[in-house]
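S.K.: Sequence and computational prediction follow.
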Amino acid sequence: MAVERERSVLEGIARAKKKLGKDLLLLAHFYQHDDIVRYADFVGDSLQLAQKAAASEAARFIVFCSVSFMAETARILCRPDQEVLHPEPDAHCPLADMASIGEVERAWEALASLGKKIVPVVYVNSYADLKAFCARHGGMVCTSANVKKIFSRVLGQGASLFFFPDENMGRNVAGSLSLSGEETFLWNPERGLGKGGPGADKARVFLWEGFCIVHRLMGGPDVARLRKEHEGITVIVHPECTPEVYSQADLSGSTNFIKATVDGSPQGSKWAVGTEWNFVNRIGRENPGKLVIPLREERCREMAKVTPEKLLGVLEGLVRGELPGRVQVDEQVSHDARTALARMLEIS
Ligand code: SF4
């Protein structure tokens with residue numbers, strides 16, 4: 001019975017897609033389940049998907065299968081006459097939830113008392129109001145693909161950098177740019193800056209205490225175990241992993257980088273991949289003749305909230321002339337956030 005129900009949902013998606021034709025662009029993040037990915041017109045990382053949405057000429061409806069901030073980013077970049085729809089508006093990235101605009105504004109006020117030139121840089125895994133905040137204060141957005149370049153650019157101009165909300169990514173990039181521990185400062189709202197320190201006056205990178213709940217579960221012992229079990233395996237990880245894992249890995253980069261690297265590797269090569277399981281599992285299937293295994297089998301529960309049933313609900317609603325799961329962003333916030341994204345694209 002369950003199998004029959006599943007089949008009828010999948011058939012319904014295919015039917016609705018056909019009816020909507022060119023009016024529809026269906027996008028799915030790499031971490032989505034296979035039953036979503038198989039119907040996507042394009043699969044990619046958050047930036048690729050937002051760019052794809054922005055570049056789509058024909059589509060009137062963009063259905064974005066991912067967590068909410070990504071659909072919001074697409075809304076910011078799309079034309080006003082296009083509609084962005086999200087099958088599960090309640091699928092929120094826990095990392096993005098770790099920094100609110102009020103908290104960031106309070107931190108910014110405290111940092112201003114140091115009298116340094118500080119540029120705010122927000123990871124794309126964040127809500128539109130934080131992206132807009134960065135634009136208003138001379139900063140920009142970054143993604144896992146360009147974070148190192150953006151850190152280098154800001155630091156190269158002699159400014160310090162306030163990075164939120166992913167502490168691990170900030171530490172990993174700071175380390176790869178040879179910044180010492182003393183040159184990073186972890187902002188904590190309760191501790192504040194102390195009396196000018198400890199270390200805040202010397203810091204070049206101010207970090208926010210946030211993390212990805214999926215990547216944080218991967219540890220150094222996982223790297224050691226897989227190296228022992230599979231001689232000659234290459235460990236490739238996402239920069240949201242902890243510094244412990246990042247420093248032990250052979251390679252690191254965005255999901256797109258990971259996919260391109262594994263796809264381009266010779267037959268017989270062996271890979272331990274430190275990121276979400278759905279993605280690792282899929283690139284393993286796409287690369288027969290290579291060993292591709294997860295560093296740890298961890299799934300993102302928020303990405304998993306987007307189910308085929310919910311996708312079908314949106315598509316059938318569109319066929320009926322409704323706009324279920326319509327994504328909206330305040331006009332001024334959208335305008336400012338677009339500026340922060342455009343500054344990033346200029347540097348990338
Ligand atoms: S994998 Fe991590 S960063 Fe990505 S959506 Fe899930 S919790 Fe957020």
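M.R.: Yes, it's here.

S.K.: Next one: the residue in the stretch 1-150 of the chain positioned nearest to the ligand from Ser66, what distance?
M.R.: Residue nearest to the ligand within the stretch 1-150 of the chain (Cβ to the nearest ligand atom): Cys93, separated by 3.3 Å. C-beta: built from backbone N, CA, C; applies to glycine. Distance from Cys93 to Ser66, counting by Cβ to Cβ, to the nearest Å: 9 Å.

S.K.: which of the two has more neighbours?
M.R.: Ser66 (29 against 23; other Cβ atoms under 10 Å).

S.K.: Quick check: the more buried one touching Lys305?
M.R.: No. Using Cβ atoms under 8 Å, Ser66 makes no contact with Lys305, being 10.2 Å away.

S.K.: returning to what we had before: is it fair to say the residue of the stretch 1-150 of the chain closest to the ligand lies in a helix?
M.R.: No. Counting by DSSP: H, G, I helix; E, B strand; the rest coil, Cys93 is not found in a helix; it is coil.

S.K.: Now it: closest residue in space, sequence neighbours ignored.
M.R.: Closest residue to Cys93 apart from its sequence neighbours, by Cβ to Cβ, 6 or more residues apart in numbering: Val67 at 4.2 Å.

S.K.: tell me the contacts of Asp263?
M.R.: Ile283, Glu286, Asn287 (Cβ atoms under 8 Å, 6 or more residues apart in numbering).

S.K.: Ok, Ser348 next?
M.R.: Ala145, Asn146, Lys149.

S.K.: Also Leu251?
M.R.: Thr234, Val235, Ile236, Val237, Thr261.

S.K.: Going toward the C-terminus from the lowest-mean-pLDDT helix or strand in the chain, what's the next helix or strand?
M.R.: Ranking every helix and strand in the chain by mean pLDDT, DSSP states H and E puts helix 46-55 at the bottom, with a mean of 86. The C-terminal neighbour of helix 46-55 among helices and strands, as given by DSSP states H and E, is strand 61-65.

S.K.: Report all helices and strands that the helix or strand just after that next one contacts.
M.R.: Helices and strands here follow DSSP H and E; after strand 61-65, the next one along the chain is helix 68-77. Here helix 68-77 touches helix 46-55, strand 61-65, strand 83-85, helix 128-136, helix 331-347, going by 3 or more Cβ pairs under 8 Å, 6 or more residues apart in numbering; DSSP states H and E.

S.K.: angle of the last one against helix 46-55?
M.R.: Relative orientation of helix 331-347 versus helix 46-55 (axes from the mean of the first three to the mean of the last three Cα atoms, to 10 degrees): 110 degrees.

S.K.: relative to helix 128-136, how tilted is helix 331-347?
M.R.: 60 degrees.

S.K.: quick one: Gln267 is in a helix?
M.R.: No. With three-state DSSP as the criterion, Gln267 is located in coil rather than a helix.

S.K.: Name the single longest helix found in this structure.
M.R.: helix 2-20 (DSSP state H).

S.K.: Could you pull up phi and psi at Glu105?
M.R.: phi -60, psi -40 (degrees, to the nearest 10).

S.K.: Helix, strand, or coil at the most centrally placed residue in the chain?
M.R.: For the chain, the residue nearest the mean C-alpha position is Asn125 (4.8 Å; Cα atoms, centre = their mean). Under three-state DSSP, Asn125 falls in the coil class.

S.K.: so it makes contact with Ala96?
M.R.: Yes. Taking contacts as Cβ under 8 Å, Asn125 lies within contact range of Ala96: 5.0 Å.

S.K.: Next, show the common contact partners of the two.
M.R.: What both Asn125 and Ala96 touch, as defined by Cβ under 8 Å, 6+ apart, is the set Phe69, Pro165.

S.K.: Flag every residue of the stretch 101-250 of the chain that's near the ligand.
M.R.: Proximity of the stretch 101-250 of the chain to the ligand, by Cβ under 6 Å from any ligand atom, involves residues Asn125, Cys212, Ile213, Val214, Glu240.

S.K.: still on that earlier bit, would you reformat the contacts of Ser348 as a markdown table and include pLDDT, distance to Lys310 and secondary structure?
M.R.: Below are the contacts of Ser348 laid out as a markdown table (pLDDT from 0 to 100; distance: Cβ to Cβ, whole Å; DSSP: H, G, I helix; E, B strand; the rest coil):
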| residue | pLDDT | distance to Lys310 | secondary structure |
| --- | --- | --- | --- |
| Ala145 | 91 | 28 | coil |
| Asn146 | 93 | 31 | coil |
| Lys149 | 96 | 36 | helix |
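
S.K.: right, and out of those residues, which lies closest to Ser8?
M.R.: The shortest gap between Ser8 and any of the contacts of Ser348 belongs to Ala145, at 38.7 Å (Cβ to Cβ).

S.K.: Tell me if I'm right that the closest one and Leu47 touch.
M.R.: Yes. Using Cβ under 8 Å, Ala145 makes contact with Leu47 at a distance of 6.3 Å.

S.K.: Nothing else from me, thank you.
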